[in-house]
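K.L.:
Below is the sequence, then the predicted model.
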Amino acid sequence: MPDAFIYDAVRTPRGRGKPDGSLHEVSSLGLAVTALQAVRERNKLAGPEIDDVILGCVDPVGEAGGDIARAAAISSGYSYKVPGVQINRFCASGLDSVNFAAGEIMSGQHDLAIGGGVESMSRVGIGASGGAWPVDPTIAIPSYFMPQGVSADLIATKYGFSRDDVDAYAVESQKRAAKAWEEGRFKHSIVPVKDVNGITLLDRDEHMRPGTDMQSLAALKPSFAFYAEQGGFDAVAIQAHPEVEKLNYVHHAGNSSGIVDGAAAVLVGSKEAGEQHGLKPRVKIRAYANIGSDPALMLTGPVDVTKKVLHRAGMTIADIDLFEVNEAFAAVVLRYLEAFDLDPAKVNVNGGAIAMGHPLGATGAMLMGIAIDELERTGKSTALVTLCIGAGMGTATIVERV
Amino acid sequence: MNLVNFRFETGADGVALATWDMPERTMNVITPEVMDELEQLIDTVVAAPDVKGCVIASGKTAFSGGADLSMLQHGAAQYARALKEQGEDAANKHFFEFSRRLSLLYRKLETCGKPFAVAIHGVCLGGAFELALACHYRVMADDEKTKVGLPEIKVGLFPGAGGTQRVSRIMQTGDALQFLFRGDQIKPRAALGAKLVHEIAPKSEIVERARAFIVNGGKAQAPWDAKEFKTPSGRVFSPTGMMIWPAANAIYRRETYDNYPAAKAILHAVYEGLQLPMDQALTVESRWFAHILRSKEAAAMIRSLFLSKNELDKGAHRPKDVGPTNLKKIGIIGAGFMGAGVGYISALNGLDVVLIDRDQESADKGVVTIDKLISSSVSKGRATAADKDSLMARVVATADYAALKGCDLVLEAVFEDRAVKADVTKRAQEVVGADVIFASNTSTLPITSLAETTQKPENFIGIHFFSPVEKMLLVEVILGEKTSDRALATALDFVRIIKKTPIVVNDSRGFFANRCVLNYVREGQIMLVDGVPPAMIENVARMAGMPVGPLSLNDEVALDLGWKILQATKKDLGEGSVDPAQERVLRFMVEENSRFGRKNGKGFYDYQANGTKSLWPGLSALAQSELDPDTLDVAEMKQRFLVTQAVEAARAMAERVVTDPREADVGSILGFGFAPFTGGVISYIDGMGTKNFVALCDKLAATYGPRFEPPQLLRDMAAKGETFYGRFMPQKMAA
């Protein structure tokens, strides 16, 4: 079986996902094109040598609908010969698109492909694509559907993470992100988003609040208590995990991932294809995995899928030097740390989505780029990237520097 | 036309009037014959060129209570038979066609091309209200007695003749779902406000108003059949829909613990139906209706909550050869909460009440209690000030036993002490004589032994109320060894007057209901000692279908009372008669920590001043080990809670404490809220089959101890493949 290598990874900065965000005026297509063009230019690709462009997008409707990957491939100047496909596995879509690309390489069907993702949350809106899961009784009831924030609060309650615990994690995320930007750790991979005249619209993640401390977070009210109680979701949570007497509502805007706009692209290929096009491999994809997990807790999939992917790779948790665990909510990462008894110094070392935001379909590809940059910066060897996913799933990928 | 159940006449204005008035019935119900005649009616109206349209009204004091549930009760059995005879495909199709007949008939009326209007007075419920909803115009009498509603959900069904589709096209989705889930009966003004009817009018005018709709050219088209129709909440897949449906699904689970398939079917039918044109929407509703009609839950709930309850209410066990007892005046000794509660419901239902206590002050306290109860009804609009005045005028409170003179029945509700009870009985009998029936409201003392202290034990009987009397529907009537038929008839007549449901029980420790309840509470205590997290005990018990968790229930009843009973039991029956885990729990709570339950604000829960409660953290000291909740088998825990009660009920049947499975079933649901979707303790066993139940008992006994061991009767029944209903009342077998 051929190995799959990652040759490059780029991402746009993340714009605040509101009408006053710097990327609000940029379409979903525009964001995707920015990332794809950068891959083409940085790697001096002619274009047609790309066998497929796979983009994750969680709300692929309206301007993001109708296979945005194909539109982005053409608009980015790759040639009409480059096809594209849009995939959706909710929050892990960006990582899955990298894995899907890797799978095509490993199976020998493609030589060079791009995986990535795009989400303009300010323009399309979270939940815009609808879907049966929250509304159709056929799935909503047996899957214990509840809003993700309520699931996050259920995780915190079940595993005993206090408001202080989750807030402290959030403060640390902000600190690490601020330091990473300060030291230019992201500079190799960030592609500024520009207007038609070449004027830079955004070149830096704009969701961060570096001054965040425990005190400022303490002023925030829990975000999910009202809806949980009015909508009956507290009862759903308790029926799924009946040892819980009542939910402890600890999550709020300051310790949950930010709503942002952004796109990312990762160039994946075989050894031969890299040599043919004069590309230098950065990491090898050791293994990847997907899994379904308890849909009520919903966001503990990273724990389950990490066990699975380690097993597939024939590795143990101690073999991993660096972890990127998507900061959907603080409790997700705290649970991950607890489940594997991990040293927090190895996990999300440059901050995460709490500080910089979570452009749903793009985040997985962004985390992969951040992990690769960090391995190279520190000279370490292995990284594991994983994300929690709506409806209770997990995706994980292990890469190793070459 | 060959009509028996309707009168049909066409007026000079060309409007036909169909008056629904079934012979030999006090209430109109929907039967196959009524469906046949409605079909003829529609055909006639359509075919007659001089008939403009038709008004449907009732010739009875009410419109109609809906479908004849005994017609629907046998759905599961009919389907099972068809399955055997015709195979699955044919049985499914046949049953589907059978169960959608009413829906198709109503749709035919709605689309027949001529306008139909309905004039509603009195209750108009279930299938009858669905008929009204299919009419193009609905006029409702504006009076106290007139109510509309779709109460099907209360017996494990749902409105399957267009009700879910028409209501969800009239009301906002959230309101429609709530109306369908709750099964409430709605008064005229509320019905008008909700647009469920078009007009309200004095009763004498409703037919004319309905007629006027037709005369004035009312359209023979339902709003939802118009091209421009939009559902009140818009499309399901819309931002509004995203606000409604996730919460609807969650609230369904919150309210039902996913135990009630009929409620879930409402969600399915409305969710799917709102995305379809009316004809297909009705078809989808019918598919769900057929599915529910053949469910175990519907059969069990119709049997216990409707048919059996009605039979018991009517005095199924009243001795036939005892003439009417004509109760007018009753005496109640003991004006505490229980005595006053009985006094209240007696006076509420027209009886004269003499309330006796040891002194005037104590007797007057009972009057205050009664005043509070009726005043609360007045303030909620359920009674008028005049009702209150006449009720209070029927109550006499005194310490003077002489006031009991002329009472037709005397009931004591004094402290649970043999000497006190014997004394008040004697004093009362000195006034009223030994021939008046005397009843005790004891919950713990054997009736036979209390009867021995009276002059004529045959005139002594137990009438055991549940607290709070004004809310709890069940009454246990307890027969002592010598209790006569006249005493039983008197007690049952009394229970009927005060609108409670009686079950007749032979004398035995704890009678029937409390035996089962105590087992339930004990199971919770044992789990606590085993190390199950307390919240999990409470939540899983509710998930099993119980209305309150065992720890909560124990707190309400009072832990010190439980501790006293436990010690008394130990004294009477020996060391082995009490469960060591239970003893440990109660000693720890009562003796070591002075936690007596809600009454002192400290029990298994801490009770806060603002009315909230939370589990006492100190309970962790009771756990012998700390069990990981993720490794506990929730399904088995649910079974433990239900089986421990059901096996006790089976023992009560084996001991002939209860003799009629209907009484055990109805008593278990009304008395202690045993998982209603099962149909009650006995239907729970029959529903899974005695063989499976015995196997389950044996499995639980092997793991958790002999308290789960089934009585020999059950083993015999399992061996022969018998059910309780089959063995004890063969004519009631189908469920």
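P.N.:
Looks like it came in fine. All figures in this text were calculated on a predicted structure; none of them were measured in a lab.

K.L.:
quick one: contacts for the residue sitting furthest away from the middle of chain A?
P.N.:
Here chain A reaches farthest from its C-alpha mean at residue A:245, the gap being 32.5 Å by Cα atoms, centre = their mean. With contact set as Cβ atoms under 8 Å, 6 or more residues apart in numbering or on different chains, residue A:245 has these partners: A:238, B:534-535, B:538-539, B:614-615. Just so you know, the C-beta spots here come from the backbone N, C-alpha and C atoms, and that holds for glycine as well.

K.L.:
Buried among these? Need that as a selection in ChimeraX.
P.N.:
A single ChimeraX command selects the buried members of the contacts of residue A:245 (16 or more other Cβ atoms under 10 Å in any protein chain shown):
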select /A:238 /B:534,535,538,539,615
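
K.L.:
In strands only, show me the contacts of residue A:245.
P.N.:
Counted as lying in strands by DSSP state E, out of the contacts of residue A:245, are B:614-615.

K.L.:
residue ranges with poor pLDDT in the stretch 201-350 of chain A?
P.N.:
Low-confidence segments of the stretch 201-350 of chain A, defined by pLDDT under 70, are absent.

K.L.:
so what's residue 180 up against?
P.N.:
This is for chain A. By Cβ under 8 Å, 6+ apart, the contact set of residue A:180 is A:186, A:349-351.

K.L.:
that answer is for a different chain, and I need it for chain B
P.N.:
For residue B:180, the contact set (Cβ under 8 Å, 6+ apart) comprises B:150, B:153, B:158-159, B:163-164, B:167-168, B:266, B:270.

K.L.:
Tell me how far it lies from residue B:149.
P.N.:
Distance, residue B:180 to residue B:149, by Cβ to Cβ, to the nearest Å: 10 Å.

K.L.:
same check, this time on residue B:564
P.N.:
Applying Cβ to Cβ, the value for residue B:564 to residue B:149 is 45 Å.

K.L.:
out of those two, which sits in the busier spot?
P.N.:
When residue B:564 and residue B:149 are compared for neighbours, residue B:149 comes out ahead with 22 against 13, by other Cβ atoms under 10 Å in any protein chain shown.

K.L.:
Assign the residue farthest from the centre of chain A to helix, strand or coil.
P.N.:
Under the three-state scheme (DSSP: H, G, I helix; E, B strand; the rest coil), residue A:245 adopts coil.

K.L.:
Could you do residue B:414 as well?
P.N.:
Put simply, residue B:414 is coil when judged by three-state DSSP.

K.L.:
which phi and psi does it have?
P.N.:
Main-chain dihedrals, residue B:414, degrees, to the nearest 10: phi -100, psi 180.

K.L.:
Check residue B:483 too.
P.N.:
The phi and psi values for residue B:483, taken as degrees, to the nearest 10, are phi -60, psi 130.

K.L.:
Skipping its backbone neighbours, what lies nearest it in space?
P.N.:
residue B:461 (5.0 Å; Cβ to Cβ, 6 or more residues apart in numbering or on different chains).

K.L.:
Direction included, what does the host helix or strand of that neighbour pair up with?
P.N.:
Using DSSP states H and E, the element containing residue B:461 is strand B:460-465. Strand B:460-465 sits in its sheet next to strand B:437-440 (parallel), strand B:474-479 (antiparallel), going by DSSP bridges.

K.L.:
Just tell me which of those ends up closest to residue A:395.
P.N.:
Closest to residue A:395 of the strands paired with strand B:460-465 is strand B:474-479 (Cβ to Cβ; 55.5 Å).

K.L.:
And the helix or strand that that closest one is followed by, what does it pack against?
P.N.:
Counting by DSSP H and E, the next helix or strand C-terminal to strand B:474-479 is helix B:485-497. In terms of contact count using 3 or more Cβ pairs under 8 Å, 6 or more residues apart in numbering or on different chains; DSSP states H and E, helix B:485-497 is assigned the packing partners strand B:409-412, strand B:437-440, strand B:460-465, strand B:474-479, strand B:501-506.

K.L.:
do that again at 7 Å, thanks
P.N.:
strand B:437-440, strand B:460-465, strand B:474-479, strand B:501-506 (3 or more Cβ pairs under 7 Å, 6 or more residues apart in numbering or on different chains; DSSP states H and E).

K.L.:
For the helix or strand containing residue B:310, the averaged confidence score.
P.N.:
Secondary structure assignment for residue B:310, by DSSP H and E: helix B:309-313. Here helix B:309-313 scores 95 as its mean pLDDT.

K.L.:
Residue ranges in chain B under the pLDDT threshold?
P.N.:
B:75, B:730-735.

K.L.:
Spell out which parts of it neighbour chain A.
P.N.:
Taking Cβ under 7 Å from any Cβ of the partner chain as the contact definition, chain B meets chain A at B:236-237, B:241-242, B:245-247, B:249-254, B:257-258, B:264, B:267-268, B:271, B:533, B:535-536, B:539-540, B:543, B:614-615, B:629, B:634.
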